[in-house]
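Engineer: how does the following fold in three dimensions:
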Amino acid sequence: MSSGGEERGAGASADGIELGKRLIRVGGDRGLSLADRISEKLFRLSWRTPIHALRLRGRHPLKLIAVTDDPFIGDAARGHALLAGQLSFRGESHDVDGLDPANPTWSASFATYFQSFAWLRDLSTVSTRQQAAPVAEALMRKWLTVHAAKVTDPAWRADLWGRRLQFWAAHAPLILSSTDLVYRSDVLHALARGARHLDRAADRVPVGVARIAAWCGVLTAGLMIPGGDPRRAFGESGLARALVGAISRDGGITGRSPAALLDAIQLLTLLRETYAARRIEPPAFLADALARMVPALLGVCHGDRGLASWQGGIPVSGDVIDQTVEATGVRARPLRQAHEWGYQRLAQQGTVLIMDAAPPPVTRAMEGGCASTLAFEFSDGAERIVVSCGGALGADLRLPKALTEGLRTTAAHSTLIVRDSNSTAIHADGTLGRGVVEMELSRNETDTASRIEASHDGYARRHGVIHRRTIALGTDGRDVRGEDSLLPAAKRGGKGAAVPFAVRFHLHPAVEATPTADGAGALLRTRSGTVWQFRARGGTLTLEESIWVDGKGIPRETQQLVLTGDALSGGSSVSWLFHRAHKSS
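Structural biologist: Numbers count the residues shown, from 1 in each chain. This is a model prediction of the structure:
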């Protein structure tokens, strides 16, 4: 570090950029190998080359002012695959050398991963700049050749440009270490053009995490490109609007996806680090949003600290959640009631129950929404007991579409199903149709239990019944009691045919289920040795096959408890109990 920097104190340079945060070193090169020192000197000399200055001449020099500190750890497996010459995402893999963005042969989800440049985080997680830069530059050159000068879809989608600018700013040393002046100029010109595109397009993307990503890109450009003060003011106003439209008062996100909320939290936290790189105070609304979003995220996490599998998500590990929350700097407890977002949480003595207590998201807010109203999951400490199949939007990309679409159905969730139909219709084109419109919900806390009572009208129009579910968790955490009722819908009562129903409880693959001799219950053993007893009345109990999509997006074989029966015209109900009979020591 130069002596001038030391005299200014706090590691700041004349322009206010913390040393070590800027794109180009300004201090000495002590501690580097001979090859590294030569490389650094060439890098600095080339940046000052008169030819390069002429090429970028304008009102403001075309450069990045600083480098954002990315606080998040990427996927190590994907990073190692990249070093080995493979770009991989959710089971789909392509050779880097043979990658041709002009003639893509990949899926839409893989395209998003490639086009967003999220792979830069994965690459930087497992390698040094010296190892990673050639790989990153090779992929960058491929992208520039096809997309830098031509507006194409999806490459120029505003939300992808927003993510791209954030990753470029955070991992600039990987894409701008080359001594090729023309290449570096092309990267910077593409960045500037993308920023101008975002200025016009950020408000045109759908409300939700996509619009948040777009405005984060506008602000990244405003902070990292010289002369960006007007853009920064414009971007702060746009992001404030995007957050109002996307984040509910209880911290949930439109579309009701916990995975999307996690994504939005990481976008905003990375943006906050961009402000920190410039030593500029972020707007207050940014901290306020994170302070609401983090408790909501924790509210849909189990005892293993990982996400529940709602709205097509996968069980993101507790380590990822912990690291994300730590990066936000927000200290909060899990939110118990998220009325607007639609999730309810009961927690007692290590037992955690999470309930989907809202209609599915509207199609315009989220593609791939699930018909999971009144489903629940519960865990005992670090062990999940009852789950949803999950994974409709996070499963391995090699799986058949019919399977992933099936994961969206009511039958793929732990709730009641009438006549093998969805509580909200799922059309052949993937959109959601008629179903749950009105819901009632009440919650009571007593000295002995926490209780939720809720109902929905998803089966009223087609089958003439209302589904009501009551769930109570004892204060000792040992009993989860429930009752599912089918009641005649208003003005639809009277005599009619019995309505067949099934109540499904999907079990985690680590739970071994054994039916009891009387056929009215089952013993559930976990890997730790804990035993839960299941008992039911009012229906016929069977044990059937099921699947659960794990944290890698791979379906794993498991079992489900299924209660079947026929609801009479006057209404019927079944009651059930999960009781922890033995806790492992």
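
Engineer: contact partners of the host helix or strand of Thr324?
Structural biologist: Per DSSP states H and E, Thr324 falls inside helix 318-328. Under the criterion CB atoms under 8 Å, 6 or more residues apart in numbering, residues 71-73, 262, 265-266, 269, 290, 294, 297-298, 301, 304-307 lie in contact with helix 318-328. (C-beta placed from N, C-alpha, C; glycine too.)

Engineer: what about 7 Å?
Structural biologist: Outside helix 318-328, the residues that touch it by CB atoms under 7 Å, 6 or more residues apart in numbering are 71-73, 262, 265-266, 269, 290, 294, 301, 304-307.

Engineer: so what strands line up beside whatever helix or strand Leu563 lives in?
Structural biologist: If you go by DSSP H and E, Leu563 is part of strand 555-567. Listed by DSSP bridges, the sheet partners of strand 555-567 and their directions read strand 499-507 (antiparallel), strand 540-549 (antiparallel).

Engineer: quick check: mean pLDDT across the last one?
Structural biologist: The reference is to strand 540-549. Average pLDDT, strand 540-549: 98.

Engineer: can you mark which positions in the one helix or strand Glu405 maps to are buried?
Structural biologist: Taking DSSP H and E as the criterion, Glu405 maps to helix 401-406. The neighbour-count check on helix 401-406 (16 or more other CB atoms under 10 Å) flags 403-404 as buried.

Engineer: circling back: off-centre distance for the helix or strand following the strand holding Leu563?
Structural biologist: Beyond strand 555-567 on the C-terminal side, the first helix or strand identified by DSSP H and E is strand 572-582. Averaging C-alpha positions (CA atoms, centre = their mean, to the nearest Å) puts strand 572-582 32 Å from its chain's average.

Engineer: report the inter-axis angle for strand 572-582 versus strand 499-507.
Structural biologist: 20 degrees (axes from the mean of the first three to the mean of the last three CA atoms, to 10 degrees).

Engineer: so in that sheet, which strands flank strand 572-582, and in what orientation?
Structural biologist: Applying DSSP bridges, strand 572-582 is found paired with strand 479-488 (antiparallel), strand 531-537 (antiparallel).

Engineer: what lies in contact with the shortest one?
Structural biologist: In other words, strand 531-537. Taking CB under 7 Å, 6+ apart as the rule, strand 531-537 contacts 385, 520-525, 561, 563, 574-582.

Engineer: what mean pLDDT does it get?
Structural biologist: 98.

Engineer: quick one: low-confidence ranges for this protein?
Structural biologist: 1-61, 363-365, 491-496, 585 (pLDDT under 70).

Engineer: grab the most central residue of the protein for me.
Structural biologist: The centroid of the chain falls nearest to Ala259 when counting by CA atoms, centre = their mean (2.3 Å).

Engineer: am I right that that residue is in a helix?
Structural biologist: Yes: assessed with DSSP: H, G, I helix; E, B strand; the rest coil, Ala259 lies in a helix.

Engineer: and the gap between the residue nearest to it when sequence neighbours are not counted and Ala260?
Structural biologist: Once flanking residues are discounted, Ala259 sits nearest to Gly313: 3.9 Å by CB to CB, 6 or more residues apart in numbering. Distance of Gly313 to Ala260, given as CB to CB, to the nearest Å: 8 Å.

Engineer: swap in Ala375?
Structural biologist: 18 Å.

Engineer: same check, this time on Ala190
Structural biologist: 28 Å.

Engineer: which one's more surrounded, these two?
Structural biologist: Ala260 (25 against 18; other CB atoms under 10 Å).

Engineer: quick one on the thing from earlier: confirm for me that the residue nearest to the centre of the chain is in contact with Trp310.
Structural biologist: No: with contact defined as CB atoms under 7 Å, Ala259 does not count as touching Trp310 (8.5 Å).

Engineer: in the strand holding Leu563, what's buried?
Structural biologist: 555, 558-563, 565, 567.

Engineer: next one: stretch 516-523
Structural biologist: 521-522.
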